[in-house]
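Trainee: following is a predicted model, sequence given first.
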Amino acid sequence: MTTPAYDIAIVGAGTAGLPAAIIAARKGAKVVLIEAADKVGGTLHMSSGSFSSGGSAAQSAHGWSDSAARHYADCLKLSHGTANPAILQLWTQHAAAMTDWLHAEGVNIGENGPKLNPGHELYDVPRTFNMPGGAISSIAVLAAALEPLVTNGSVDLRLSTRMTDLLTDDSGAVCGIVADNAAGTSEIRAAKVALTTGGYSRNPELWNALHEGTVPHRVYTYPHSRGDGMAAAFKLGAVADHAQHFLPTYGATQDIDNPENFWIHSLTQPTLRPQWEISVTRDGDRFMAEDNPSPDARERALLGLPDQSFWVIYDARIKRDARPLMLWDEDKLQRAFAGSEDFQSAATIADLARACGMAPARLERTISEYNAGVSVNSDKFGRKHLPAQIAKAPFYAIRHFATSVVSWGGLVVSDRLEVLRADGSPIPGLYAGGEIMGMGVFGHTFLGGSTLSASLTFGTLLGEWLAPTDAGSQSLKGTRNAD
Ligand SMILES: Cc1cc2nc3c(=O)[nH]c(=O)nc-3n(C[C@H](O)[C@H](O)[C@H](O)COP(=O)(O)OP(=O)(O)OC[C@H]3O[C@@H](n4cnc5c(N)ncnc54)[C@H](O)[C@@H]3O)c2cc1C
C-alpha cells in the first residue's frame, strides 16, 4: 500500500472548507485544499452574513443568557419538530465555540451583538450575529489565517482545480480524489477526504431529480454550487435526504439582465418595509394578508400556489408615496417595464389583467373588495396595514417567484460527519460538512442564520476531527484571542 501524499484532501475552499483547512493544518495535518474557482471563499462572496449560535462568549458579552441546549430546543420548535435531531444537536452544541473562534480570528461579527432577525421566524433570544457588509467581509480574515499555512507547506492550495471523482482502495475505502485543471487530470492521494463543495443549486438536472420535478429551478446562488461532491459520493453508495423540506424565499423577480438569477427585493420583510401593494395569484385572487409578520406563514402560502409565482399589484399613488418596492434603479425598472413580460402597466385594471393573463372581471373584483376593506379599515384576510386603495391610474403589476438561496437536500451524514450509505454504514474515509448536507436537515422551515453558522461550525469540526491525533499542535481553543 502506498503512503498517501496528504492526511486530508478538503474539496472546496468556501465557508466550511476554509476553517476545516486552517484548523487541521494548525493541528499538524498535511492538507491539500482543492478549489474549483480561481479564488477562495465560495458562497461567503454572496451570503448576507447572518449566523446564529447559543451560548457564545460574544453573546453573553452583550448581556444575553443563552445555551446550546436552549438553542437546540428553540430550533426544534421552530422547525415544527421536523429537524434531524442528531445533526441539529451537533450544530447547536458546537456553534458557540465556532462563533468565538471566528471572533478571535478577527472576523467582524457586529459590534452591537446578536439580534432578532425579522427575515426569519424569531428565536426566543437574540442569537443571530450579522457580519457588517455581509459574509464577504470574513474572507480576507480567513484567507490571512490560511496564508502562512500555505507558505509553510502545511496546506497545498490548488485553485481553479475541480474535483471530478473519488478514488477508492481495494477495501472500498476512499483514498483520494481525481481533479481537473488547466494542466490536465490528476489523482491526489489522501488518507481522508472531506467534501465541502456546497449545494447543488446550480445543477438543474440534480435539482429536478432531488425535488422530483415539484420545485421550479429558480435560484440566486454561487455559480460553483453544482453538486459535484454529492454526485461523486452517490457513485460510492451515498444517499440524499431532506429535499422534501424545501421552502421558498418569499418572492423574487427574474433578473432582466441575467435570467439565471433571481433578485430578492423588499417583500421578504414586511415588518421593515410595510407593504402598500397587494399580491394576487396568477388567476387574480389574493391569497394571504400581505403584511403577515410570520415569514414561515408567507413562505408556506407561496409554496401552495400554482407555479409558486404571484403578481404584486399597485397604482400611481402607491408608486408615488410608498417606499420603493424594488432594489433596482429607475433605469433598470424602466427597461423592465418596457421589455419584460413580468412587468406590466396599463391605464385600466381590466387591461392590466389582460396583460398578466388574468380574467379582467376577476382582478377587478379582487381590487374592488380590497378597496372596500380599506375604506372601513377591515381586511378580509386580516391585513393590518391598509394605507391606500388601488384606484389611481396607471396600474402596475410585477410578477414574483419563489426562489432559493440554498440547496435543501443533501448527503446523509453521521454525527461524526461521516458520509453514510442507504443502510446507515459509513463510507470509510469520506466525510462531508456544510450545505452539501442540505439546509433541510434543519427541518421544514428557515432557521435564521443556520446554514452559514452550520457550514462554519461543521468546517471547524472537520478540521478538529480529521487531523491525525498524533500530529497535534493547536486545537480550536488554542488559537489566538483577538480582544
Ligand atoms: C445570497 C445568499 C445569501 C445568504 N445569506 C445567508 C445568511 O445570511 N445566513 C445564513 O445562514 N445563510 C445564508 N446563505 C447560505 C449560506 O451562506 C451557505 O449555505 C453557506 O455559505 C454554504 O457554505 P458551504 O461551505 O457549504 O459552500 P460554499 O461556501 O459555497 O463552498 C463550497 C466551495 O466548494 C467549491 N467547489 C464546488 N465544487 C467543487 C469541485 N468539484 N471541486 C473543487 N471545489 C469545488 C466552490 O467553488 C466553493 O468555493 C446565503 C446564501 C446566498 C446565496
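Mentor: Arrived safely, thanks for sending. Computed from a prediction, not measured in an experiment: that's the story for all the values here.
Trainee: from here on, contacts and neighbour counts on C-alpha atoms
Mentor: Noted.
Trainee: quick one, phi/psi of T451?
Mentor: Phi and psi for T451, reported as degrees, to the nearest 10, are phi -70, psi -40.
Trainee: if I pick it, what's in contact with it?
Mentor: Neighbour list for T451: F51, G434, E435, M439 [criterion: C-alpha atoms under 8 Å, 6 or more residues apart in numbering].
Trainee: in strands, which of those residues fall?
Mentor: If you go by DSSP state E, the contacts of T451 have F51 in strands.
Trainee: now the contacts of T451 in TSV, with pLDDT and distance to the ligand?
Mentor: Formatted as TSV, those follow (pLDDT from 0 to 100; distance: C-alpha to the nearest ligand atom, whole Å):
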residue	pLDDT	distance to the ligand
F51	98	5
G434	98	4
E435	98	4
M439	97	7
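Trainee: export the contacts of T451 as CSV, with columns for neighbour count.
Mentor: Output for those, formatted as CSV (neighbours: other C-alpha atoms under 10 Å):
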residue, neighbour count
F51, 25
G434, 28
E435, 30
M439, 30
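Trainee: tally of neighbours for the nearest residue to K384 once chain neighbours are set aside?
Mentor: Counting by C-alpha to C-alpha, 6 or more residues apart in numbering, K384 lies nearest to D291, which is 7.0 Å off, once chain neighbours are set aside. Neighbours of D291 under the rule other C-alpha atoms under 10 Å: 25.
Trainee: swap in D257?
Mentor: Neighbour tally, D257, other C-alpha under 10 Å: 10.
Trainee: where does it land in three-state SS?
Mentor: coil (DSSP: H, G, I helix; E, B strand; the rest coil).
Trainee: ok, the one 3 residues further on next?
Mentor: Following three-state DSSP, the label given to E260 is coil.
Trainee: wait, what's in contact with A336?
Mentor: By C-alpha under 8 Å, 6+ apart, the contact list for A336 reads I256, D342, F343.
Trainee: which residues sit in contact with the first one?
Mentor: Contact analysis of I256 by C-alpha under 8 Å, 6+ apart lists A336, S340.
Trainee: what does the pLDDT read for it?
Mentor: Looking at I256, its pLDDT stands at 96.
Trainee: of the contacts of T451, closest to G28?
Mentor: G434 (22.9 Å; C-alpha to C-alpha).
Trainee: surely that closest one touches F458?
Mentor: Yes - here G434 reaches F458: they are 6.2 Å apart, a contact under C-alpha atoms under 8 Å.
Trainee: list the residues that contact both of the two?
Mentor: In contact with both G434 and F458: A16, using C-alpha under 8 Å, 6+ apart.
Trainee: how close does the residue nearest to K384 sit to R273?
Mentor: Distance check for D291 against R273: by C-alpha to C-alpha, to the nearest Å, it reads 9 Å.
Trainee: hmm, back to that, my guess is the residue nearest to K384 meets P274, correct?
Mentor: Yes - look at D291 against P274 with C-alpha under 8 Å: they come within range, at 6.9 Å.
Trainee: what are the ranges of the helices in the stretch 101-250 of the chain?
Mentor: With DSSP state H, counting those that start in this stretch as the criterion, the stretch 101-250 of the chain has helices at 136-151, 204-210, 228-234.
Trainee: which other helices and strands does the first one contact?
Mentor: Pointing back at helix 136-151 there. When contacts are defined as 3 or more C-alpha pairs under 8 Å, 6 or more residues apart in numbering; DSSP states H and E, helix 136-151 sits against helix 17-26, helix 85-105, strand 155-158.
Trainee: ok, now the last one?
Mentor: Packed against helix 228-234, as judged by 3+ C-alpha pairs under 8 Å, 6+ apart, are the following elements: strand 162-168.
Trainee: what residues of the strand it packs on count as buried?
Mentor: Within strand 162-168, the residues scored as buried using 16 or more other C-alpha atoms under 10 Å are R162, M163, D165, L166, L167, T168.
Trainee: which neighbours does it have in its sheet, and in what orientation?
Mentor: When sheet partners are counted by DSSP bridges, strand 162-168 sits next to strand 174-181 (antiparallel).
Trainee: which positions in the partner strand come out as buried?
Mentor: V174, C175, G176, I177, V178, A179, D180.
Trainee: and what of stretch 220-232?
Mentor: Buried, per 16+ other C-alpha under 10 Å, within stretch 220-232: Y220, T221, Y222, H224, S225, R226, G227, D228, G229, M230, A231, A232.
Trainee: need the residues you listed in JSON lines with distance to N117 and pLDDT, can you?
Mentor: What follows is the buried residues of stretch 220-232, written out as JSON lines (distance: C-alpha to C-alpha, whole Å; pLDDT from 0 to 100):
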{"residue": "Y220", "distance to N117": "20", "pLDDT": "93"}
{"residue": "T221", "distance to N117": "21", "pLDDT": "96"}
{"residue": "Y222", "distance to N117": "23", "pLDDT": "97"}
{"residue": "H224", "distance to N117": "28", "pLDDT": "98"}
{"residue": "S225", "distance to N117": "26", "pLDDT": "98"}
{"residue": "R226", "distance to N117": "29", "pLDDT": "98"}
{"residue": "G227", "distance to N117": "29", "pLDDT": "98"}
{"residue": "D228", "distance to N117": "32", "pLDDT": "98"}
{"residue": "G229", "distance to N117": "31", "pLDDT": "98"}
{"residue": "M230", "distance to N117": "31", "pLDDT": "98"}
{"residue": "A231", "distance to N117": "34", "pLDDT": "98"}
{"residue": "A232", "distance to N117": "36", "pLDDT": "98"}
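Trainee: can you list those in CSV and add distance to the ligand?
Mentor: Formatted as CSV, those follow (distance: C-alpha to the nearest ligand atom, whole Å):
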residue, distance to the ligand
Y220, 6
T221, 4
Y222, 6
H224, 5
S225, 5
R226, 6
G227, 7
D228, 5
G229, 6
M230, 9
A231, 9
A232, 9
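Trainee: what's the most distant pair in the residues you listed?
Mentor: Y220 and A232, at 23.8 Å, using C-alpha to C-alpha across those.
Trainee: nearest to T196, of the buried residues of strand 174-181?
Mentor: I177 (13.2 Å).
Trainee: check contacts around the residue lying closest to the closest one once chain neighbours are set aside.
Mentor: Nearest non-adjacent residue to I177, counting by C-alpha to C-alpha, 6+ apart: L166, 4.3 Å away. L166 makes contact with V174, C175, G176, I177, V178, A232, A233 under the criterion C-alpha under 8 Å, 6+ apart.
Trainee: how about the residues of the stretch 351-483 of the chain by the ligand?
Mentor: V405, V406, G434, E435, I436, G449, S450, T451, L452, S453, S455 (C-alpha under 6 Å from any ligand atom).
Trainee: surely the second one is in contact with R202?
Mentor: No - proximity of V406 to R202 does not meet the contact threshold set by C-alpha under 8 Å, at 10.1 Å.
Trainee: what's the separation between the spatially most central residue of the chain and S137?
Mentor: Centroid-nearest residue in the chain, with C-alpha atoms, centre = their mean: V406, separated by 3.6 Å. The gap separating V406 from S137 is 20 Å, by C-alpha to C-alpha.
Trainee: how about the residues of the stretch 51-200 of the chain that lie near the ligand?
Mentor: So the stretch 51-200 of the chain meets the ligand at F51, T161, R162, M163, T164, T196, T197, G198 (C-alpha under 6 Å from any ligand atom).
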